[in-house]
Each structure stands twice: as C-alpha cells, then as structure tokens.
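Peer 1: just coords:
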C-alpha cells in the first residue's frame, strides 16, 4: 500500500501499552506523521470523557470516533459532532429482550448527556475506577442512549454476543472489547466503521487510503472498511483472520512498526 492519507487506531490493546501510555517510539512516528499532514483518528469503545487523557498523551486535537462508532467527537472543541442514539422505545425493547437472552446479567446505558454512564444496581463494572451512576432499573430507558452494556462475570463475551445476536436479531449491532463477560449493543449498523467513514469524509479521504489498527471484535468492521486493516499481535483470533496484516504486540509498539514504513 502507498502511504496512507489517514490513519485510524483503536486505543486499548492497540495504540497504548499495558501501562495505558503510548511508547516513545510511537509518539515519534506520530509526530512525523502529523508533520506530513496525515491525520490520526482514534476509534475506540471508550466514551468521549475517557478519550481526553489519550489525546493529551499524543497531542491529538482532531476528530475521534467514540462509543464504538456511535459518537463522533471533536477533541479540540470537546463537543459531540454527531451521535447515533437508541430512542426510548427501542431502548426499552432492547433491555427487555436482553433480560431474556442473558438471564442474570446486569445492564447499563451510555448517554451523551450527564449523567453519561448509568447502571442498575446489579451491574458490575468491567474496569476499575468506573465513573458510573447507579439508577433504578426502570429508569434505564428513560432517555436515549448511544449503547447498552450487559455484564455477566460468569460468561465469556463471545458466548454472550452469540446469545444476544440470536435473541435480538437485527434490533441492535452487538460487539465487545473485552473477553471479561461484557457485550455492548448500539443502533443497527453503527460500528467503528460507521464513525470512521464520517471522520474520513470530513477529511476528504476515501476508504482505500486509510490504514486502520485494532485488536478486538469491536474493530472488525473498521478493519474490513479500511483500505489496509492491521491486527495487533495480541489481537482476538477473528481479527487476525480478517486483517490484511498482523503486526507486533501492543506492548512492543506494533502500530509504530507499520507506520515507520512511511513516516
């Protein structure tokens, strides 16, 4: 592939190391890439409020794809450019059917307005330091949300995703970013590819001139959409099978290994 005109990358397990920081080798190549006029678009399952530390670490102030493609976020102005939300009726149906598909799972919703991350008392956060707000179970569908999360420590995320797809069909788009018993549901057709297509259109760059990096199933559609999809050495087997290329582990600057060909 020729030098890309836009680079997209997942964050956790891809752009950042296990210490939640970008390595110096990666920072240097991103600086050269910026000097060459090639934008970086972060594409993550994280909500916008969890993106700022990453942007600060790499000096990014442009467009970011958040919430698995449901939110296009401007890191410079710190505003939501576009959001794909499940309305209250759709949300209520999704929640009801998740109860049947995943008995015993705790549920949460991610919103674009405060309080953003709301969960029922039975929900157990998958990551330490979660900034969740507990609300009554009946209030989960009170306002639109960009995604619904289901958590069950006793199940694998692969098995949960299969159960949700069987039980909810095309009512939602289902994916996951960790194997620790968590699945995420969004508006049908809304994936990181959806959000990245919006960001690329803003920059005037077609899909075939985009390189994208990822490590988990929530990156599948993005790698499929991009002209060159790169799976990390630590990637989920589905990504390794789909990708155009497999690079090094995220702790070994796998993203930098590829970008150094051009920058």
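Peer 2: The structure has been received and is ready for your questions. As the structure is a prediction and not an experimental result, all values here were calculated from the model. Numbering: from 1, shown residues only.
Peer 1: Specify the residue ranges that define each domain of the chain.
Peer 2: 6-83+190-259, 88-186 (automatic domain parsing).
Peer 1: Could I get these in CSV, plus columns for mean pLDDT?
Peer 2: Shown next, in CSV, are those (pLDDT from 0 to 100):
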stretch, mean pLDDT
domain 6-83+190-259, 97
domain 88-186, 96
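Peer 1: At which residues are the helices of the stretch 151-263 of the chain located?
Peer 2: Applying DSSP state H, counting those that start in this stretch to the stretch 151-263 of the chain gives helices spanning 157-168, 192-203, 220-225, 237-242, 254-259.
Peer 1: The stretch 1-150 of the chain now?
Peer 2: Using DSSP H, counting those that start in this stretch, helices in the stretch 1-150 of the chain cover 24-35, 52-58, 88-101.
Peer 1: any chance of those helices in JSON lines, with distance to residue 214 and mean neighbour count too?
Peer 2: Any C-beta I mention is one placed from the backbone N, CA and C, and that applies to glycine too. Putting those into JSON lines (distance: least, CB to CB, whole Å; neighbours: other CB atoms under 10 Å) gives the following:
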{"stretch": "helix 24-35", "distance to residue 214": "15", "mean neighbour count": "16"}
{"stretch": "helix 52-58", "distance to residue 214": "15", "mean neighbour count": "16"}
{"stretch": "helix 88-101", "distance to residue 214": "25", "mean neighbour count": "17"}
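Peer 1: about what we covered before: ok, which of the helices of the stretch 151-263 of the chain comes nearest residue 77?
Peer 2: helix 192-203 (13.5 Å; CB to CB).
Peer 1: need the contact list for the nearest residue in space to residue 180 that is not next to it in sequence.
Peer 2: Spatially, and ignoring its direct neighbours in sequence, residue 180 is nearest to residue 126 (5.4 Å; CB to CB, 6 or more residues apart in numbering). Residues counted as contacts of residue 126 (CB atoms under 8 Å, 6 or more residues apart in numbering) are 151, 178, 180-182.
Peer 1: As CSV, the helices of the stretch 151-263 of the chain with distance to residue 39 and mean neighbour count would be great.
Peer 2: Converted to CSV, those look like this (distance: least, CB to CB, whole Å; neighbours: other CB under 10 Å):
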stretch, distance to residue 39, mean neighbour count
helix 157-168, 31, 18
helix 192-203, 6, 21
helix 220-225, 16, 23
helix 237-242, 23, 16
helix 254-259, 13, 23
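Peer 1: Now stretch 177-188: buried residues?
Peer 2: Residues 177-178, 181-188 are the ones in stretch 177-188 that count as buried (16 or more other CB atoms under 10 Å).
Peer 1: mind listing what the one residue sitting closest to the centre of the chain touches?
Peer 2: The residue lying closest to the centre of the chain (CA atoms, centre = their mean) is residue 45, at 2.4 Å. When contacts are counted by CB under 8 Å, 6+ apart, residue 45 touches 12, 67-68, 177, 184, 218.
Peer 1: 7 Å instead, please
Peer 2: If a contact means CB atoms under 7 Å, 6 or more residues apart in numbering, then residue 45 has 67-68, 177, 184, 218 as its contacts.
Peer 1: Pick the one among these closest to residue 102.
Peer 2: The nearest member of the contacts of residue 45 to residue 102, counting by CB to CB, is residue 184 at 12.5 Å.
Peer 1: Does that closest one touch residue 68 like I think?
Peer 2: Yes - the criterion here is CB atoms under 7 Å, and residue 184 meets it with residue 68 at 6.0 Å.
Peer 1: Distance to residue 205 for the helices of the stretch 1-150 of the chain - can I get that in CSV?
Peer 2: As requested, the helices of the stretch 1-150 of the chain are exported to CSV (distance: least, CB to CB, whole Å):
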stretch, distance to residue 205
helix 24-35, 14
helix 52-58, 19
helix 88-101, 32
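Peer 1: and residue 137, which of those is closest to it?
Peer 2: Of the helices of the stretch 1-150 of the chain, nearest to residue 137 by CB to CB is helix 88-101, at 8.7 Å.
Peer 1: which residues sit against that closest one?
Peer 2: Contacts to helix 88-101, defined as CB under 7 Å, 6+ apart, come from residues 86, 105, 107, 140-145, 148, 150, 163-164, 167-168, 171-172, 185.
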